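S.K.: Okay, sequence plus prediction incoming.
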Amino acid sequence: MANLLKPLESKHISLKNRLVMPPMATSKAEEDGKVSKGILDYYKEKSEGGYIALIVIEHSFIMQQGKASNLQLSIADDSVIESLKDLAHIIHKNSSKAVMQLNHAGSAASQEVTGMEVVGPSAVENPRKGNIPKALTKEDIKEIIEAFRQAARRTKEAGFDGVEIHSAHGYLLNQFYSPLSNKRSDEYGGDVLSRIRIHLEVIKAVREEVGEDFPILLRLGAADYMSGGSTVEDAVAACREFEKAGVDILDISGGFNGYIIPGNNEQGYFYPVTEEIKKAVSIPVILTGGITEASAAERLLAEGKADLIGVGRAIYKDSNWARNAVEALK
C-alpha cells in the first residue's frame, strides 16, 4: 500500500490516510465572524468524497483584540457555536475529520480591524508589519490563555475532532517564540524554553478544558529564516516540550514573514526541519510547503521526513486534487 494511503493511529485520533488539508484563510465568514453559506459551501466542496483524512479549518480569532482581518472566522464567544456545528457536520458527512485552528494575531492585528490597541510580547517593531505594539502585561497574558481555553471548549462543544493552537506565520504565539519579536526580560522571554512558557500554559489550559481524550495539535513556525531569528535547534527543543505537555500532533511550518524559505521552492521545503523534529519526538509530525504532486508526498513519507502531508495551495486551486492523488496511488 502507498504510504500516503496508510491509516494513522495516534493516541487520541485515527486517520484513514496521511493527507491533511492545512488551514488557509478564505475571508468568507460573516461580518461578525460566524460561519457563512460561503464557508459551508467551500468546506463541503473540499471534503467531497472523504479523500482528505484531516481538514484543519482556517484560523479563527479567540478574542476581538486578536482578530487578524475582516471576514475572519470567530471562536471568540458562545454565539458562534451553533453555526460551527453546521461546519463540523458538513465535513463529517463527507467522512473527513475536522479540527479548528485557534489564533491571536498579536502585533499582526490592526486597530482598523479590531478597534483596539495592538499588543505583542514586546514593544519592538513587528518584522513583517513594521508597527510597534504595546507590550502585554502578565495580567494580559493570563486573559489570553483563558481566551484560548474558552475557544477550545467551544470547539469541542461544536463537535470538532480536535483543536490546533496556532504559533506560526508571525502571529502572537509565534511572536513569543521568535527572538526577533520577544525581547522580554521576565519569565516569558530569554532562551527558547522561556519564550515558549506561554505555549505550555496555553496547552495546559486547553488540556484541562477539553479533557484527556480530545486531540490537541500545535502549528509551529519552526524557524524564522531571518538573521537573529528562531532556528531548527529552537524548534527541536520546543517540540520536545510540547510533546511532554500533551500535544498530540505537531504541524510544522516556518518563516516569520510568511510560510516560505527564501530561495527554496522545492516540494515539501520544510522537510529539513520536520526530519529533525521527527527524530526528537514520538508524536506524528505534519509536513507542508509547496507540495503539488502525489508522487512528491509519497516520496517524502517514504524517506521518513514526516508522518502526515499537508497539501494547501494545490487543493485550494483544485478541489479534485485529493481524489486524483488517492486514485493514482491505489
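M.R.: Nice, I can see it.

S.K.: And the nearest residue to Gln64 once chain neighbours are set aside, how close does it get to Tyr269?
M.R.: Nearest residue to Gln64, sequence neighbours excluded (Cβ to Cβ, 6 or more residues apart in numbering): Thr114, at 5.6 Å. Using the backbone N, CA and C atoms, a C-beta is placed for each residue, glycine as well. To Tyr269, Thr114 is 33 Å away according to Cβ to Cβ, to the nearest Å.

S.K.: Over to Pro179?
M.R.: 23 Å.

S.K.: between these two, which one's more packed in?
M.R.: The neighbour comparison of Pro179 against Tyr269 (other Cβ atoms under 10 Å) goes to Tyr269, with 20 against 17.

S.K.: need the contact list for the more buried one.
M.R.: By Cβ atoms under 8 Å, 6 or more residues apart in numbering, Tyr269 lies in contact with 261, 289-290.

S.K.: wait, which of those is closest to Phe160?
M.R.: Using Cβ to Cβ, Gly289 comes nearest to Phe160 of the contacts of Tyr269, at 24.8 Å.

S.K.: ok, how many other residues are close to that closest one?
M.R.: Using other Cβ under 10 Å, Gly289 is surrounded by 28 other residues.

S.K.: residue contacts, it?
M.R.: Counting by Cβ under 8 Å, 6+ apart, Gly289 has contacts 253-254, 259, 261, 267-271, 310.

S.K.: Lowest-confidence entry in these?
M.R.: pLDDT across these is at its lowest for Tyr259, which sits at 70.

S.K.: List phi and psi for the residue nearest to it when sequence neighbours are not counted.
M.R.: With sequence-adjacent residues excluded and distances taken as Cβ to Cβ, 6+ apart, Tyr259 is closest to Ser253, at 5.0 Å. With angles defined as degrees, to the nearest 10, Ser253 sits at phi -130, psi -160.

S.K.: Isn't Ser253 up against His169?
M.R.: Yes. The pair Ser253 and His169 qualifies as a contact (Cβ atoms under 8 Å) at a distance of 6.7 Å.

S.K.: hmm, back to that, spit out the contact partners of the residue nearest to Gln64.
M.R.: Contacts of Thr114 by Cβ under 8 Å, 6+ apart are 64-67.

S.K.: Let's see if you can find the most crowded of those residues.
M.R.: The member of these that has the most neighbours, counting by other Cβ under 10 Å, is Gly66 with 27 neighbours.

S.K.: Pull out the buried residues from stretch 155-163.
M.R.: Applying a neighbour-count criterion of 16 or more other Cβ atoms under 10 Å, one finds 155-156, 158-163 buried in stretch 155-163.

S.K.: do stretch 293-311 as well
M.R.: For stretch 293-311, burial by neighbour count (16+ other Cβ under 10 Å) applies to 294, 296-298, 300-301, 305-311.

S.K.: And these, which two are furthest apart?
M.R.: Using Cβ to Cβ, these span at most 16.8 Å, a distance reached by Ala294 and Asp307.

S.K.: average pLDDT across stretch 22-41?
M.R.: According to the model, stretch 22-41 has a mean pLDDT of 97.

S.K.: Need the residues that contact that stretch.
M.R.: 42, 56-61, 67-74, 76, 79-80, 83-84, 86-87, 90, 101, 164, 166, 219, 251, 253, 286, 288, 310-313, 316.

S.K.: mind exporting it as CSV, just the C-alpha atoms?
M.R.: C-alpha atoms of stretch 22-41 as CSV (Å, rounded to 0.1, in the frame of the first residue of the first chain):
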residue,chain,number,x,y,z
PRO,A,22,-3.9,22.7,6.2
PRO,A,23,-5.6,25.9,7.3
MET,A,24,-5.9,28.6,4.6
ALA,A,25,-7.8,31.8,5.2
THR,A,26,-10.8,32.3,2.9
SER,A,27,-12.1,35.6,4.2
LYS,A,28,-15.6,34.2,3.7
ALA,A,29,-17.0,34.5,7.2
GLU,A,30,-20.0,36.7,8.1
GLU,A,31,-19.2,40.3,9.3
ASP,A,32,-19.5,39.1,12.9
GLY,A,33,-17.2,36.1,12.3
LYS,A,34,-20.0,33.4,12.2
VAL,A,35,-19.9,30.6,9.6
SER,A,36,-21.5,31.8,6.3
LYS,A,37,-23.0,29.9,3.5
GLY,A,38,-19.8,30.6,1.5
ILE,A,39,-17.7,28.8,4.2
LEU,A,40,-20.1,25.8,4.3
ASP,A,41,-20.0,25.5,0.5
